[in-house]
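K.L.:
Here's a sequence, model it:
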Amino acid sequence: MTMVSTKQKIQYALVTLMDENGTKGTELAEAIGVKKQSVSGWRRGETSMDVDNMIAVCDYYGITMDEFVGRGTKAAKSEETRLVELYRALGDDDRRMVVSLMEKLVR
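P.N.:
From the prediction side, this is the model:
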C-alpha cells in the first residue's frame, strides 16, 4: 500500500482547486502575494508551501485548512462554499445587513 505524504495531498488539493475554479497561477499568486514561480513549484510538487501561504490559499478559496488537506466533510464544504459564494456576490450594503442579521441570530 502506497502512503500519500501531506505534501502530495497539498499539491493535489491545490491543483484540484485551481482546475475546478479555473484559476491561473498568475491570478492566485497575485491574490496571495507570492511570485507565480512559487505557485508553479507547489503545483508540480517541487517546493512545499509554508503555513502562511496555505492559510492564504484557503482564505482565497473559502475553505478550511482541514478541507485543504482532505480532512473536512464534503457536505459541509459544499454548503459553506455556497454560502461564501452567495456572500461574495452581494454588494457592500447587503453584506453589512447579512453580517448584522447573523450576529443577531447567534446571540
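K.L.:
contacts and neighbour counts: CA atoms only from here.
P.N.:
OK.
K.L.:
Pull the number of nearby residues for Arg107.
P.N.:
5 (other CA atoms under 10 Å).
K.L.:
ok, it to Val99 distance?
P.N.:
Going from Arg107 to Val99 by CA to CA, to the nearest Å gives 12 Å.
K.L.:
Touching both of these two, which residues are there?
P.N.:
Shared contacts of Arg107 and Val99, defined by CA atoms under 8 Å, 6 or more residues apart in numbering, are absent.
K.L.:
what about the helices in this protein?
P.N.:
With helices called from DSSP state H, the chain shows them at 6-21, 25-32, 36-44, 51-61, 65-68, 74-89, 92-106.
K.L.:
Report the rounded mean pLDDT for the second one.
P.N.:
Translated: helix 25-32. Computed over helix 25-32, the mean pLDDT rounds to 96.
K.L.:
Run the angle between it and helix 36-44 for me.
P.N.:
Here the directions of helix 25-32 and helix 36-44 differ by 110 degrees (axes from the mean of the first three to the mean of the last three CA atoms, to 10 degrees).
K.L.:
for helix 25-32, packing partners?
P.N.:
Contact here means 3 or more CA pairs under 8 Å, 6 or more residues apart in numbering; DSSP states H and E; on that basis helix 25-32 packs against helix 36-44, helix 51-61.
K.L.:
wait, doesn't Thr64 sit right on Cys58?
P.N.:
Yes: Thr64 is within contact range of Cys58, at 5.9 Å (criterion: CA atoms under 8 Å).
K.L.:
With mean neighbour count added, can I get the helices of the chain in CSV?
P.N.:
CSV is the format used below for the helices of the chain (neighbours: other CA atoms under 10 Å):
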stretch, mean neighbour count
helix 6-21, 16
helix 25-32, 16
helix 36-44, 17
helix 51-61, 15
helix 65-68, 16
helix 74-89, 12
helix 92-106, 11
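K.L.:
Could you tell me the least trusted of these?
P.N.:
Of all the helices of the chain, the minimum mean pLDDT falls on helix 74-89 (a mean of 74).
K.L.:
Alright, calling it a day.
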